[in-house]
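>>> give me coordinates for this.
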Amino acid sequence: MAKILIADDSKLQKLEIAKFLIKLGHQVLEAKDGNEAVQIVEQFLPDLVLMDVVMPDCNGFSALRRIKNNEKVKHIPVIMVSTKSEDIDKIWASKQGAVGYITKPVDFNLLENEINKNL
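From the prediction side, this is the model:
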């Protein structure tokens, strides 16, 4: 069982992904934006982060950079989960330190494979 943070401003997206993760036996943490995600990562040290890109206040790319620039938590894998599906978004996420990129609507088989690959 892993501790996985879902950072997404959509309550429905968080609920759908959380249900899936719980069904797989994982513990779920939730954040509503990038700032909260960074705080939760630093406080609870999850095993993996699923991060939306488009969020208020602090977007997913900014939160990803903050996590990867923090020595204490930079080892935690971050998979971006977003409606942004352009190749440039995927490239940018990779350059910022993301280990994967999944587009919405979420393909749960792909999500499970990415999670297993990065835990």
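
>>> in this protein, which spans are helices?
11-23, 34-44, 60-68, 87-96, 108-118 (DSSP state H).

>>> what's the last one packed up against?
Put plainly, it is helix 108-118. helix 11-23, strand 48-51, strand 78-82, strand 100-103 (3 or more C-beta pairs under 8 Å, 6 or more residues apart in numbering; DSSP states H and E). Every C-beta, even on glycine, is put in place using the N, C-alpha and C of the backbone.

>>> okay, these, which one's buried deepest?
Burial of the helices and strands packed on helix 108-118 is given as mean neighbour count (mean count of other C-beta atoms under 10 Å); strand 48-51 ranks first at a mean of 26.

>>> that one pairs with which strands, parallel or anti?
The strands beside strand 48-51 in its sheet (DSSP bridges) come out as strand 3-7 (parallel), strand 78-82 (parallel).

>>> Serialize the ones you listed to CSV and add fields for mean pLDDT.
Conversion of those to CSV gives the following (pLDDT from 0 to 100):
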stretch, mean pLDDT
strand 3-7, 98
strand 78-82, 97
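
>>> reformat those strands as JSON lines; add distance to residue 108.
Output for the strands paired with strand 48-51, formatted as JSON lines (distance: least, C-beta to C-beta, whole Å):
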{"stretch": "strand 3-7", "distance to residue 108": "13"}
{"stretch": "strand 78-82", "distance to residue 108": "11"}
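
>>> out of those strands, flag the one nearest residue 117.
Proximity to residue 117 (C-beta to C-beta) singles out strand 78-82 among the strands paired with strand 48-51, at 9.4 Å.

>>> which one of the helices of the chain is the most hemmed in?
helix 60-68 (a mean of 22).

>>> quick one: that one to strand 78-82, angle?
Angle, helix 60-68 to strand 78-82, by axes from the mean of the first three to the mean of the last three C-alpha atoms, to 10 degrees: 170 degrees.
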